[in-house]
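Engineer: Give me the fold of what follows.
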Amino acid sequence: MKLMGIGRRSVSVWVAVIGLCVAAGAGGASPYQDTLSDGQINIGSASVFTVLTSSSDWIRRSVVQGDIGIDEGKFTLSGGSDVFGDLVYHTGVVIKTSGGTVHGRTYSDDPLIDSALMDAQMLSDAAFAEPVTPRYATLTSVGLNHSSLTITGSANEKVVLKLTDFVLTNNSIFTLIGTATTSFIINVTETFSLGSNSHISLVNVLASNVLFNIRGFGSTVLLRGGSTMPGTLLALHRKVRIRGGSQVVGRVIANQVKITKYSSVLTPTTNQ
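Structural biologist: Residues are numbered from 1 along each chain as shown. The predicted structure follows:
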């Protein structure tokens, strides 16, 4: 089975990866033995991207504020869409931007794409290995329908949830409360869906400190109907669909991303 984003890599890349692993083992701590770096989610070299995918992207009548990276397949910009950043692609990607504008540079950088996807995979694995925060051990699924749920964390605390499903619909609100040094890691193994004007809300928490780690080869990850979320949405083996005026303030890293119908993915500011 093809490993996301690196299935067609050359022998030299694999040798480099093995060498890094050996070096990390010999030298002690690897940066990916912890999912955080100074309290923020440790995305490694993937941090330069607002949207990063291992296969085709499609942006139609929508906006991305930040850099986009794509590993293979086709990148399509249509319907007057805008990318306020660079478009970085791996050799062989087909670029079609006649229906939109990339306001930064468009260029190939194979080592950067390779490194970013490998760092994203290591982050996903490390996040899933994190122990659940004891007070939330009995919370194994979130399903909100015109309702709300609040999760809290203290200063310098890493709050970890392990859920099967995360589904918000009909104006539901999922709130994370903490401080600028509180981090939240939410692992989801089955369905992730926000619909009908539902929202993930942060109170005194930075978007850069929040990770939704969607694991496995399951159903499409959906944000629709004007729904919003802050943080990093990491779905390495999933398709992500953001549509109907929905918005992510943070990052989207996935197998495939489709942003349509006046939706957006925006890089968070330092105080978001």
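Engineer: Any stretches of the chain with poor pLDDT?
Structural biologist: Regions of the chain meeting the criterion pLDDT under 70 cover residues 1-33, 270-272.
Engineer: Now do the helices in it.
Structural biologist: Using DSSP state H, the helices found in the chain span residues 11-27, 110-128.
Engineer: Buried ones in the longest one, by neighbour count?
Structural biologist: Meaning helix 110-128. Within helix 110-128, the residues that qualify as buried by neighbour count (16 or more other Cβ atoms under 10 Å) are 110, 112-124, 126-128. Quick note: C-beta positions are derived from backbone N, CA and C, even for glycine.
Engineer: what packs against it?
Structural biologist: Contacts of helix 110-128 with other secondary structure elements, assessed using 3 or more Cβ pairs under 8 Å, 6 or more residues apart in numbering; DSSP states H and E, are made with strand 51-53, strand 68-70, strand 87-89, strand 183-188, strand 210-214, strand 228-242.
Engineer: helices or strands next to the first one in the packing?
Structural biologist: Other elements packing on strand 51-53 under the criterion 3+ Cβ pairs under 8 Å, 6+ apart are strand 68-70, helix 110-128, strand 247-260.
Engineer: Just list the residues touching the nearest residue to Gly66 once chain neighbours are set aside, thanks.
Structural biologist: Spatial nearest neighbour of Gly66, chain neighbours left out: Thr50 (2.7 Å); criterion: Cβ to Cβ, 6 or more residues apart in numbering. Thr50 makes contacts with 64-68, 85, 251-252, 265-267, as judged by Cβ atoms under 8 Å, 6 or more residues apart in numbering.
Engineer: show me what contacts Val88?
Structural biologist: With contact set as Cβ under 8 Å, 6+ apart, Val88 has these partners: 49, 67-70, 107-109, 112-113.
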